[in-house]
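A.B. asks: could you look at this predicted model? Sequence included:
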Amino acid sequence: MKLLEDRIRKDGIVKEGNVLKVDSFLNHQMDVTLFHEMGLEWKRLFSDKPINKILTIEASGIGIACVAAECFNVPVVFAKKAASINLDGEMFTSKVESFTKKKVFDIIVSKKFLSPDDHILIIDDFLANGCAVMGLIDLINESGATLEGVGIAIEKGFQQGGRIIRDRGIQLESLAIIESMDASTGEIIFR
Ligand code: 5GP
């Protein structure tokens, strides 16, 4: 999506350790007009899918997912990150290793909000090694809901997440795919 690629070129900052900072428009200060265009693009790309719910993960996926949900006219559920969980049987749970914080979190969704009747689109801001998305897929599988696809704002194509998800036959639509980026020059090359 050219609009997003242009914005990443203009305002994205490449950090050491394969981290792209986009906090001026995506995940700290948020450009909701851009989010709306992204939501419309996912709506077009997944137009043949009977999506009735969007699933994301806190915190940085929530803003994008909410605006996308308005384009789909469906509710959003976000998986909560919990340092330790009380397994009382009321929650679907999985584990996610955070790419940016290098910590393992339990993630939880109440059993009230995912059911076998649901057709889910996962939305997140970044795809790196795929841990966050795989954790969300675990929750969907536990619930018996159907995964219809995954919508990502920025995929780092040089990390393994995209391949893992596509190899499973899942429709993955990343609006910008970075082929390579260089922290010393700041150069970003898109696929
Ligand atoms: P994964 O689980 O695919 O390894 O990483 C995805 C998660 O890590 C996303 O939810 C995102 O919050 C965070 N993340 C991964 N790479 C980056 C990055 O380059 N920049 C930022 N800001 N967040 C990232």
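C.D. replies: Looks like it arrived, so ask away. Residues are numbered from 1 along each chain as shown.
A.B. asks: could you list the low-pLDDT ranges of this protein?
C.D. replies: Within the chain, the set of residues satisfying pLDDT under 70 comprises 83-88.
A.B. asks: tell me the residues of it that contact the ligand?
C.D. replies: Contact residues, the chain versus the ligand (C-beta under 6 Å from any ligand atom): 19-21, 27, 60, 99-100, 124-132, 161. Any C-beta I mention is one placed from the backbone N, CA and C, and that applies to glycine too.
A.B. asks: from the residues you listed, list just the buried residues.
C.D. replies: Listed as buried from the residues of the chain next to the ligand are 20, 27, 60, 99, 124-132, 161; burial here means 16 or more other C-beta atoms under 10 Å.
A.B. asks: name the nearest of those relative to Arg168.
C.D. replies: Proximity of these to Arg168 (C-beta to C-beta) peaks at Gly130, which lies at 10.1 Å.
A.B. asks: contacts only, for Trp74.
C.D. replies: Check again: residue 74 is Val, not Trp. Val74 makes contact with Ile51, Asn52, Lys53, Ile54, according to C-beta atoms under 8 Å, 6 or more residues apart in numbering.
A.B. asks: tell me how many other residues crowd the residue nearest to the first one when sequence neighbours are not counted.
C.D. replies: In space, not counting the residues next to it along the chain, Ile51 is nearest to Leu121; the distance is 4.6 Å by C-beta to C-beta, 6 or more residues apart in numbering. Applying other C-beta atoms under 10 Å, we find 27 residues neighbouring Leu121.
A.B. asks: kindly report the same for Gly149.
C.D. replies: Per other C-beta under 10 Å, the neighbour tally for Gly149 reads 19.
A.B. asks: got it, and the one 5 residues further on?
C.D. replies: Using other C-beta under 10 Å as the criterion, Ile154 is surrounded by 24 other residues.
A.B. asks: please, which helix or strand holds it?
C.D. replies: If you go by DSSP states H and E, Ile154 is part of strand 146-156.
A.B. asks: which helices and strands sit right next to the helix or strand just after that strand?
C.D. replies: Using DSSP H and E, the helix or strand that follows strand 146-156 in sequence is helix 161-167. Judged by 3 or more C-beta pairs under 8 Å, 6 or more residues apart in numbering; DSSP states H and E, helix 161-167 is in contact with strand 119-127, helix 131-143, strand 146-156, strand 172-181.
A.B. asks: Lys10 is nearest to which of the ones you listed?
C.D. replies: Checking those against Lys10 by C-beta to C-beta gives strand 172-181 as the closest, at 12.5 Å.
A.B. asks: only C-alpha atoms, please: export the closest one in PDB.
C.D. replies: Provided in PDB are the C-alpha atoms of strand 172-181 (Å, rounded to 0.1, in the frame of the first residue of the first chain):
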ATOM      1  CA  LEU A 172      -1.900 -13.000   5.100                       C
ATOM      2  CA  GLU A 173      -2.200  -9.400   3.800                       C
ATOM      3  CA  SER A 174       0.600  -7.100   4.900                       C
ATOM      4  CA  LEU A 175       0.100  -3.600   3.700                       C
ATOM      5  CA  ALA A 176       3.900  -2.900   3.600                       C
ATOM      6  CA  ILE A 177       6.500  -5.500   3.500                       C
ATOM      7  CA  ILE A 178      10.100  -4.500   4.300                       C
ATOM      8  CA  GLU A 179      12.700  -6.400   2.400                       C
ATOM      9  CA  SER A 180      15.600  -4.900   4.200                       C
ATOM     10  CA  MET A 181      16.500  -1.900   6.400                       C
END
